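A.B. asks: Pasting a predicted model and its sequence here:
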Amino acid sequence: MKAFLIFQIFAVLISTFQARAGTTVTVGSKAFTESYILAEILARKLESLPDVTVVRKFGLGGTGIVYEALKKGEIDFYVEYTGTIREAILKTKGNEGTADLDSLLKPLGMTISRSIGFNNTYGLALRQSTAERLKLGKISDLRRSDLGLRFAFSHEFSERSDGLKGLIRHYNLDLPQKQVRQVSQALVYNALEAKEIDVAEVYSTDAKIESLQLILLEDDLQYFPEYAAVILARSALREKSPHIWATLTTLEGQIDNRQMQKLNAKADIDKQTFATVAGSFLNEDTVESSTLMLDEIWLRTKEHLSLISIAIGLSILVGLPIGIAASRNRLLGQVVLAATSFFQTIPSLALLCFLVPLIGIGSAPALFALTLYGLLPVITGTFRGLTEINSKTIEYARTMRLTPLQRLTKIELPLASPSILTGVQTSAIISVGTATIAALVGAGGYGTPIVTGLALNDNAMILQGALPSALLAIALHYLFELLRLVVVPLGLRRSFR
C-alpha cells in the first residue's frame, strides 16, 4: 500500500513538472516574404499561450528542404499551398480539396488546416506598357509569333509538371529557348522594372504587382490550379496538443488575397521587418532598435564562428592524415586529389538538399558540407608540402636512425608547415563564404540576413550578412599570418616569404 502511494505521489510530481515545463513547438518557413510573415504570425499566436515555447526555423529554402525537416520532426508545422501539396508532396494528378488532401496526408503522419483564406496561385506578369503596346490580355495571346518577348521563370516552376512544361503544352506555346531565362523568384521584379525581361512567373499575392503597375495575364484556359494557403503539420501536434492546433487554426479564413498582398507590401516595399508586419496584423507592438540589430549581428557572428571553427578543425583532423598517406604513394596521392577535387565541384545547395533527408536540418548537414569542401586545400597543402621536401633531407634523417614517426614529426611536418598552413588558411576562408548557405537548412550564421534580404530584395539587410562575412575573412587572413610566426620555423618563414 505504501509502495502504491509513493508511486502515485511520484506520478503526480512528474505530471506537474511536465505541465510547468510546457511544450516546445518549432515553426518553419520557406525563404520568401509571404512564408516568413505567416510563420511569424503563427509563432506569435502560440507565444500567447502560457505553456508553449516557440522555436523559429525560418528561411529553410524550398519545398524539398522544409518538407524533409517536417518529416524528420525538425519542425512541427509550416504554411504550405494546396497546389504544392498535390504536386510536390503527394504527387497526385487531381484537384483535391483540403478535406481530401488531409485524408491523403494521414498515412504520412501529416495533417492540414482549412484555407487561411487566400489563393496564391501562379500568374504571368508583364509591364502595363508592354501589354498595351502588343495588345496582350490573356495567356493565349502569347501564341502569336511576332511578339519577340523575353521570359523569366524560377527554377522550381521550370521543372514542375504543373509549371512551365505543362503551361506550354496546355496553351500550345512556342517559347524559343534563347528567349527564356531561369532566375531566382526574388529577382524577377527587378528584371521587369529594368526592362531586362518582358514576362515573368509571379505569385498572385506579390506586393510588387500593384506597386510596379504590372498586368497579370488572364488564365483564360484555366491552367493554374488552386494554391490555397494552409497550415501543414505533423499529425502528432494535432493529436497530442489539441489546444495548440486550435490556436493555429484561428487563422483559418482570416486573410484574403488583398490583405495578404498588403502584408507583403509592408515587408517588400515599406521595408518593415517580418516581426513588425506580423505585430501590426495581430495589433501587437514590436520593439525595433539599433540595439536589437547589433544583438542580431552578434548572434549571427557567434553562429558563423561556431560553424567554421568546427568545420576547420574537422577538415584538419581528416585531411592531414589523408594528405600524409597520399604523400607516401604518388599513385594513391593522385587518386586522393582527384576524388577530393570531384567533391569540391558539387554545388553546395545540391549537397545540402541531398544531406537533409539523411541527417535532417541544422548544423549537422552544414558542418558535413563545410568539412567536405575544406578537405581539398588541407590535403593538397599537406601532399605538396611533404612531396616537395628534398630527398637528401629524408636520407639524412634515416642515417640518424630516426623512426618514421620521429622523421614525420621532427623533420617532415616542420619543413612542410608553410604549405600545410596555407592549405588550412585557404580552407578557412572558403568556409567563411560557403557557410552563408547554411542558413537554408536552419544552421544560422551570416547567411540568415542574406537569405532574408534576398527574399525582401533589401540590400541593407543583405549587407548585414555579407559585410561581416567579408570582414571575418580578412580577419582570418591576418590571424593566419600571425599563426605563421608561431608554427613555421624561422628559416622557412623567411624563404617562404
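C.D. replies: That came in fine, so what should we check first? As the structure is a computational prediction, the values presented were derived from the model and not from experiment. Residues are numbered from 1 along each chain as shown.

A.B. asks: Residue 380 contacts residue 323, doesn't it?
C.D. replies: Yes. Between residue 380 and residue 323 there is a contact at 7.4 Å, judged by CB atoms under 8 Å. Backbone N, C-alpha and C define where each C-beta goes, glycine included.

A.B. asks: Kindly state the pLDDT recorded for the residue nearest to residue 429 when sequence neighbours are not counted?
C.D. replies: Excluding the flanking residues, the one nearest residue 429 by CB to CB, 6 or more residues apart in numbering is residue 473, at 5.2 Å. Confidence at residue 473, expressed as pLDDT, is 92.

A.B. asks: ok, now the one 5 residues further on?
C.D. replies: What the model reports for residue 478 is a pLDDT of 91.

A.B. asks: Regarding it, what is its secondary structure?
C.D. replies: helix (DSSP: H, G, I helix; E, B strand; the rest coil).

A.B. asks: With residue 86 as the reference, measure out to it.
C.D. replies: As judged by CB to CB, to the nearest Å, residue 478 and residue 86 stand 54 Å apart.

A.B. asks: Run through the chain and note the low-pLDDT ranges.
C.D. replies: Residues of the chain that meet the criterion pLDDT under 70 lie in 1-21, 286-292, 491, 493-497.

A.B. asks: more crowded one of residue 478 and residue 86?
C.D. replies: Neighbours per residue, other CB atoms under 10 Å: of residue 478 and residue 86, the larger number sits with residue 86, 22 against 9.

A.B. asks: just to revisit the earlier point, with neighbour numbers in mind, choose between residue 380 and residue 323.
C.D. replies: Using other CB under 10 Å as the criterion, residue 380 and residue 323 rank with residue 323 on top: 29 against 24.

A.B. asks: Am I right that that one is in contact with residue 383?
C.D. replies: Yes. Contact status for residue 323 versus residue 383: in contact at 4.8 Å, counting by CB under 8 Å.

A.B. asks: Now list whatever residues contact both of those two.
C.D. replies: Listed as contacting both residue 323 and residue 383 by CB atoms under 8 Å, 6 or more residues apart in numbering are residue 336.

A.B. asks: tally of neighbours for residue 482?
C.D. replies: Residue 482: 9 surrounding residues under other CB under 10 Å.

A.B. asks: ok, now residue 197?
C.D. replies: Residue 197 is flanked by 23 other residues according to other CB under 10 Å.

A.B. asks: go on, the one 3 residues further on?
C.D. replies: A count of nearby residues for residue 200, using other CB under 10 Å, gives 24.

A.B. asks: neighbours of the residue nearest to residue 429, just the number please.
C.D. replies: Neighbours of residue 473 under the rule other CB under 10 Å: 16.

A.B. asks: can you check residue 442 too?
C.D. replies: By the criterion of other CB under 10 Å, residue 442 has 28 neighbours.

A.B. asks: show me what contacts it?
C.D. replies: Applying CB under 8 Å, 6+ apart to residue 442 gives the contacts 28, 57, 59-60, 69, 74, 361-362.

A.B. asks: quick one, phi psi at residue 28?
C.D. replies: Backbone torsions of residue 28, given as degrees, to the nearest 10, read phi -110, psi 170.

A.B. asks: hang on, it packs against residue 70?
C.D. replies: Yes. With contact defined as CB under 8 Å, residue 28 counts as touching residue 70 (6.7 Å).

A.B. asks: Overlap in contacts, these two.
C.D. replies: With CB under 8 Å, 6+ apart, residue 28 and residue 70 have common neighbours 76-78.

A.B. asks: Whichever of the residues you listed end up buried, select them in PyMOL.
C.D. replies: To isolate the buried members of the shared contacts of residue 28 and residue 70 in PyMOL, using 16 or more other CB atoms under 10 Å:
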select buried, resi 76+77+78
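
A.B. asks: Tell me the buried residues in the helix or strand in which residue 192 is found?
C.D. replies: Applying DSSP states H and E as the criterion places residue 192 in helix 188-193. For helix 188-193, a neighbour-count test (16+ other CB under 10 Å) marks 188-189, 191-192 as buried.

A.B. asks: now the end-to-end length of stretch 65-78.
C.D. replies: 12 Å (CA to CA, to the nearest Å).

A.B. asks: what do you get for stretch 88-97?
C.D. replies: This stretch, stretch 88-97, spans 16 Å end to end (CA to CA).

A.B. asks: What residues sit buried inside that stretch?
C.D. replies: Of the residues in stretch 88-97, 88-90, 96 count as buried by neighbour count, 16+ other CB under 10 Å.

A.B. asks: which ones are touching the residue nearest to residue 431 when sequence neighbours are not counted?
C.D. replies: Spatial nearest neighbour of residue 431, chain neighbours left out: residue 308 (4.3 Å); criterion: CB to CB, 6+ apart. Going by CB under 8 Å, 6+ apart, residue 308 touches 370, 428, 431-432, 435.

A.B. asks: can we see that at 6 Å?
C.D. replies: 431-432, 435 (CB atoms under 6 Å, 6 or more residues apart in numbering).

A.B. asks: which residues touch the residue nearest in space to the middle of the chain?
C.D. replies: The centroid of the chain falls nearest to residue 440 when counting by CA atoms, centre = their mean (1.1 Å). By CB under 6 Å, 6+ apart, the contact list for residue 440 reads residue 61.
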